[in-house]
Structure formats: structure tokens, C-alpha cells
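Q: From the sequence below, what's the structure:
(chains A and B)
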There are 2 protein chains.
Amino acid sequence: MNRSLDIQQYLQEKLKWIESALPSFITRDNVPDRLLQSMEYSLYAGGKRIRPILILTTMEAFGKDPETGLAAACAVEMIHTYSLIHDDLPAMDDDDFRRGKPTNHKVFDEGTAILAGDGLLTDAFRTLCTLSDKGVAPKTIVQLVSELSYYAGPRGMVGGQMADLQGEGKHLGLPELQYIHQHKTADLLIFCLRAGGLLSGATPEQLEHLTTFGRNVGLAFQIQDDILDIYGDEAKLGKPVGSDEANEKSTYPSLIGLEKSKELLESLVAEAKESLVKADIACDTLNQIADFIIKRES
Amino acid sequence: MNRSLDIQQYLQEKLKWIESALPSFITRDNVPDRLLQSMEYSLYAGGKRIRPILILTTMEAFGKDPETGLAAACAVEMIHTYSLIHDDLPAMDDDDFRRGKPTNHKVFDEGTAILAGDGLLTDAFRTLCTLSDKGVAPKTIVQLVSELSYYAGPRGMVGGQMADLQGEGKHLGLPELQYIHQHKTADLLIFCLRAGGLLSGATPEQLEHLTTFGRNVGLAFQIQDDILDIYGDEAKLGKPVGSDEANEKSTYPSLIGLEKSKELLESLVAEAKESLVKADIACDTLNQIADFIIKRES
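A: Below is the predicted model:
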């Protein structure tokens, strides 16, 4: 059987499940129409839903029924969506399009887009609390709330976005580039892996291995993104090849060279996969998702 | 003894306590300098700290040591501060000054101000989780997280701000004006009262009475604000008297007349005070704070 087809099908099924569940978690009663429309516009705008899937797949790797963790999956997608809405704002990356559609502030307006982001960010934490309806222990929910805040907050995703904003148009060194990738991208992936672990009763050691997996996959993804910008296929990538170089953007290849970048990528992936073996959980699907994330051509 | 001096002194002591505690709750390790500076600029910019004080005073009204609830008090101040930063943005109220100081985006920039707000909002939920260090039960913390998200989120404070934004420059009816006041102002006060109750083991009936108190005080404050705009003292108020009328802004006096507005104000306050009697808790300080909030001349 075609293994790559399998994982595509697996991801598609999980994506549909998450998309069918999202509307049941978002707050709608007594919410101003325009605010709800703006929140839903971005929340239902597609995307691969990789973050929520990682929570569910991690639970499966522990032999748990992922249905219990569906609220956590939807919460993390709300956080990811809010971050995209705010990142696209004129004061940030100033993007007019995302996934081929006009960005939130283009369809609505900047004020509404800011509030839609604030609404999704706030609603994500209430969504986590609904895990108690599935019998998740309050202590575990508190841990999830604390970790989501930690990995998405000022020293996590928000910090990464700040560093990215400050680095714009500047030649960054490797530590700065690493800070951005670690926090802007990897931290939320780490949360997903740990959330899946926490919902499955993982030991502290297992959580450490899951953290390594999430971080390495996140960093490897960014390095691959840099490499693809030089050697990728423009049509598949959806952005002009060589745009980073044209923008004089610091990248792994520009800082350590293409060969070393490829070596680093490979070693990160190898360490990620090793960490799952150390965690002593079912590795196969998580490894395939890692390959899917990193080896993507676009 | 001068009762009004007493409450001023009480509020001042609590304010100092909260301000001395805030730095220990905000995340600083590994946070980009500029982001931390921007968050702290607004968090330490003064203000009466009425919301966090209400949590602590409610606990005292139940005979509880408020020290246990200090993290919840600081969390709600982070939420309040984030909402001010985002409300002041050019895409929202476009204010250059707050409490006599340049607004966050004027000192930093819009992108940083958006991220500082996001950071404080996210960090508030982690701060709530630290209540477990004081022996607060995980179940209570989950309830607090859920309620903070509910009252600050899309059908709470964020919803109120959206309705306010949509209502700008329009003649609003009473239901729209009530929605804005209820959600933009009263909801976070309701959370404070309920949080104090939840941290004190309040019964569902007591929580209902605390909800009434918080809502009524919030609405009464807004009506008084409208009345003061017509009859207040410009120097004490810090904004030109009659500015609402000049801006053709819908207010309680413009919609139901001055006399009816005053009657409504009085009946809201009376019901608020009655609700504390029904809750069977020590009313005195909460009532004085209610008077302080509502009867203020500026």
C-alpha cells in the first residue's frame, strides 16, 4: 500500500473531524454578529490543521481515544488562527492575502480583526476547560491552561513574533534566527505534543521526549522552508523562489551555508524520531506527520 | 472617624499591595526586551486597580484571607490592561494619551502594542494557574479560567468593545447602549465579584447575588459617567464637559432623560446593596467601594 497516500488520507480524515467539531466549541450566543463572522471567517478558512492533529495523534500513540482531547485540539487551532489574524495586520506583516483569500482585516477592518483575534485567543482557554465534560481531571486541565499560556505567550509564540517584527529588514545572527523559529513556530508544536501526552498520562520523562520531538520538527520545518526558498518549485511553493534572498532576509543557508543547513535538518529529524523511541510510544504516524511537515514541497 | 478617608486609605493600601505583587506574576524570563518593556509600561501605568481590589475585598467579605487570591487579582489587572492597550489603537478609539501619559502604541509602535496586549491577555491565564501554589483546588482554578474567558471573551468584554466600535458615530437605542455597557464594563466587574466568591467557597445562590452586585455597579458607573458629562466639573473630569453631546453620542440622559437616568442609577445601586445582604456576607467595604466607583466626581 502506498504509505504516502495513507498518511494523506489519515490527515484528511482528522482534518474533517476537527473542522466539524470547531463550531461546537466557539462561543456564539450573545456575540455581536460582525465579531462572530470575523472569527469564523478565519477559523474556517482552511489550512492543514496540523497542530490540532498532532494532539490527537499523540494521544493515539499512547493508545488513548483521541475523542477525549478534541476540545484541546480545537483550542490550539483557535490560538493558531488568532496569531495569523494579528500577524497579517498592517502594523505587523501587512499581508492582503492568506491561502488565496483576502486577510481578515481586508474583509472586515483592522479594529474588527484585532477583536476577532482577541476573541479567539480568549475563547481558547474556555474551550480547554470543557475537557472536564469528557472526564479529564481538573489538575490536568490546569496544567494544559498553564502550558498553552506559556508556549503561546510572551516567552513563546508572542515573543517569537516580537523578535520577528524587530528583525525585519535587519541582518540577523544565528541566535536571533533560532529564537524566532523556536518561539514563533516550534513552541506551539511543542504544546501540541505535550498536550497529547498530558491527556494520556505521560510521565515527566515522556513529556521531555515529546518536547524534543515538537521542537525539532518545528525547527526542521523552518530550515526546510529556507532551503525551499532557494531550490523549491515556485508553482508548488505559492511564493516567488529566491524571495528571501531578494529581501536580504537572514536564512539558515545564508548564515551557515546550504550543505550545513541540510545536515542540521537531517540531524534534527533523526533526533526527533529517536525521542519517540525513547518515549516508548507508537512512533509510526507521528513520524509520518513529521516527514509530511518537513518534506513538503510547498 | 471620616468614613470617606477610611475607604481611600483602604483602597490605597490594597493598590500598593497589588502593584508590589504584579512584577512577580508577569512572565519575564526569555521575553524579548521590547515586548516586556511595552507590557510593563502599561501594566505599571497607574490607575485605581479597582478590579483586582474587588476580588480581594469580596474574599474579605467572606472572612477569607485575600492573600490566597492575589494571583487572580493580578490576572484580572493584566486583562484590564491589555484591553486598554488594544482599545487605544488607531484602528479602535485612536487615543494618544491615557492617564496623562502617551498610549502604548505612541511610545512603542502599533505592532508592539498589539503584541503587548496579546502577551498580557495570554499571561493572565497562566497567572490564574499559579493559584495552585496557594492551595486553591484545581477544580476552582478551572472554574476561574472558564469564567474569565467567558466574561472577557467574545460575548463579554471583547463583544462589548465590538458593539462600541460598530456604534461609533451612530444614534444607538437603549438596547444597544445597554449591551455595550453590560459587556464592555460590567462583565469584568462581575468576574471580579464571582472570582472572590469562588475563591471563598460561595454557594451558587451567593454567586448569583455577587453577579447582580457587579453588573449593577458597572451599569450605574456608566450612567453616572453620562450624567457627569453634562453636569460634571471639567477640571476634575479630565475631559471637556458636554463632549458626548457635542459628539452626538448616545447616552442615558439623551435616551431616557436626566431624571429617569438618576432614578435608574439609584435603583441599580439599591439593588446592588440589597444583593449583598441577600448573599449574607460582610457588606460594608464592598458598599463603600461601590459608592466610590459610582459617586466619583471624575
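
Q: All the strands of the stretch 101-250 of chain A, residue numbers only.
A: Using DSSP state E, counting those that start in this stretch, the strands of the stretch 101-250 of chain A run over A:101-102.

Q: Which residue ranges of it form helices?
A: In the stretch 101-250 of chain A, helices defined by DSSP state H, counting those that start in this stretch lie at A:104-107, A:110-129, A:138-152, A:157-167, A:174-180, A:187-198, A:204-231, A:234-237, A:243-246, listed in chain order.

Q: Make CSV out of the ones you listed and add mean neighbour count, distance to chain B and mean pLDDT.
A: Quick note: C-beta positions are derived from backbone N, CA and C, even for glycine. As requested, these are exported to CSV (neighbours: other Cβ atoms under 10 Å in any protein chain shown; distance: least, Cβ to the nearest Cβ, whole Å; pLDDT from 0 to 100):
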stretch, mean neighbour count, distance to chain B, mean pLDDT
helix A:104-107, 20, 8, 98
helix A:110-129, 28, 3, 98
helix A:138-152, 23, 3, 98
helix A:157-167, 24, 4, 97
helix A:174-180, 17, 8, 95
helix A:187-198, 27, 11, 98
helix A:204-231, 21, 14, 93
helix A:234-237, 12, 26, 53
helix A:243-246, 14, 21, 62
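
Q: mind checking which of those is nearest residue B:85?
A: With respect to residue B:85, and counting by Cβ to Cβ, the nearest of the helices of the stretch 101-250 of chain A is helix A:110-129 at 10.4 Å.

Q: Could you name the helices and strands sitting against the closest one?
A: helix A:33-43, helix A:70-88, helix A:104-107, helix A:138-152, helix B:70-88, helix B:110-129, helix B:138-152, helix B:157-167 (3 or more Cβ pairs under 8 Å, 6 or more residues apart in numbering or on different chains; DSSP states H and E).

Q: Kindly reformat those helices as TSV and extend each row with distance to residue B:99.
A: Below are the helices and strands packed on helix A:110-129 laid out as TSV (distance: least, Cβ to Cβ, whole Å):
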stretch	distance to residue B:99
helix A:33-43	28
helix A:70-88	25
helix A:104-107	29
helix A:138-152	27
helix B:70-88	9
helix B:110-129	16
helix B:138-152	21
helix B:157-167	19
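
Q: do you know which of these lies nearest residue B:28?
A: Counting by Cβ to Cβ, residue B:28 lies closest to helix B:110-129 out of the helices and strands packed on helix A:110-129; the figure is 10.1 Å.

Q: hang on, the earlier thing: which one of the helices and strands packed on helix A:110-129 lies closest to residue A:271?
A: Of all the helices and strands packed on helix A:110-129, helix A:138-152 sits nearest to residue A:271, with 19.7 Å by Cβ to Cβ.

Q: Taking helix A:204-231 as reference, get the angle to that closest one.
A: Going by axes from the mean of the first three to the mean of the last three Cα atoms, to 10 degrees, helix A:138-152 is angled at 30 degrees with respect to helix A:204-231.

Q: does residue A:292 really touch residue A:11, like I thought?
A: Yes. The criterion here is Cβ atoms under 8 Å, and residue A:292 meets it with residue A:11 at 7.0 Å.

Q: So which of the helices of the stretch 101-250 of chain A is nearest residue B:88?
A: Between residue B:88 and the helices of the stretch 101-250 of chain A, the tightest spacing by Cβ to Cβ is seen for helix A:110-129, at 11.3 Å.

Q: Off-centre distance for that closest one?
A: Mean-position distance between helix A:110-129 and its chain equals 17 Å (Cα atoms, centre = their mean, to the nearest Å).

Q: Send me it as PDB with only the CA atoms.
A: Extracted in PDB, the C-alpha atoms of helix A:110-129 (Å, rounded to 0.1, in the frame of the first residue of the first chain):
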ATOM      1  CA  GLU A 110      -8.500  46.500  11.300                       C
ATOM      2  CA  GLY A 111     -10.400  47.100  14.500                       C
ATOM      3  CA  THR A 112     -12.700  44.100  13.900                       C
ATOM      4  CA  ALA A 113      -9.600  41.900  13.000                       C
ATOM      5  CA  ILE A 114      -7.900  42.800  16.300                       C
ATOM      6  CA  LEU A 115     -11.000  42.000  18.300                       C
ATOM      7  CA  ALA A 116     -11.600  38.700  16.400                       C
ATOM      8  CA  GLY A 117      -8.100  37.700  17.300                       C
ATOM      9  CA  ASP A 118      -8.600  38.700  20.900                       C
ATOM     10  CA  GLY A 119     -11.900  36.800  21.000                       C
ATOM     11  CA  LEU A 120     -10.400  33.600  19.600                       C
ATOM     12  CA  LEU A 121      -7.400  33.800  22.000                       C
ATOM     13  CA  THR A 122      -9.700  34.300  25.000                       C
ATOM     14  CA  ASP A 123     -12.100  31.600  23.900                       C
ATOM     15  CA  ALA A 124      -9.400  29.000  23.500                       C
ATOM     16  CA  PHE A 125      -8.900  28.900  27.300                       C
ATOM     17  CA  ARG A 126     -12.700  28.400  27.900                       C
ATOM     18  CA  THR A 127     -12.600  25.700  25.300                       C
ATOM     19  CA  LEU A 128      -9.800  23.900  27.200                       C
ATOM     20  CA  CYS A 129     -12.000  24.000  30.300                       C
END
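
Q: quick check: angle from it to helix A:157-167?
A: Helix A:110-129 runs at 150 degrees relative to helix A:157-167, counting by the same axes, to 10 degrees.

Q: and the angle from helix A:110-129 to helix A:70-88?
A: Going by the same axes, to 10 degrees, helix A:110-129 makes 160 degrees with helix A:70-88.

Q: I'd like the distance between the residue nearest the centre of chain A and residue B:176.
A: Central residue of chain A (Cα atoms, centre = their mean): residue A:51, 4.6 Å from the mean position. Residue A:51 sits 37 Å away from residue B:176, going by Cβ to Cβ, to the nearest Å.

Q: can you give me the end-to-end distance of stretch A:171-189?
A: One end of stretch A:171-189 sits 27 Å from the other (Cα to Cα, to the nearest Å).

Q: Can you name the residues in contact with that stretch?
A: A:51, A:54, A:76, A:79-80, A:83, A:151-152, A:155-157, A:159-161, A:163-164, A:167, A:214-215, A:217-219, A:221-222, A:248, A:250-252, A:255-256 (Cβ atoms under 8 Å, 6 or more residues apart in numbering or on different chains).

Q: repeat that for 6 Å
A: The contact list for stretch A:171-189 (Cβ atoms under 6 Å, 6 or more residues apart in numbering or on different chains) reads A:151, A:156-157, A:159-161, A:163-164, A:167, A:214-215, A:217-219, A:222, A:250, A:255.
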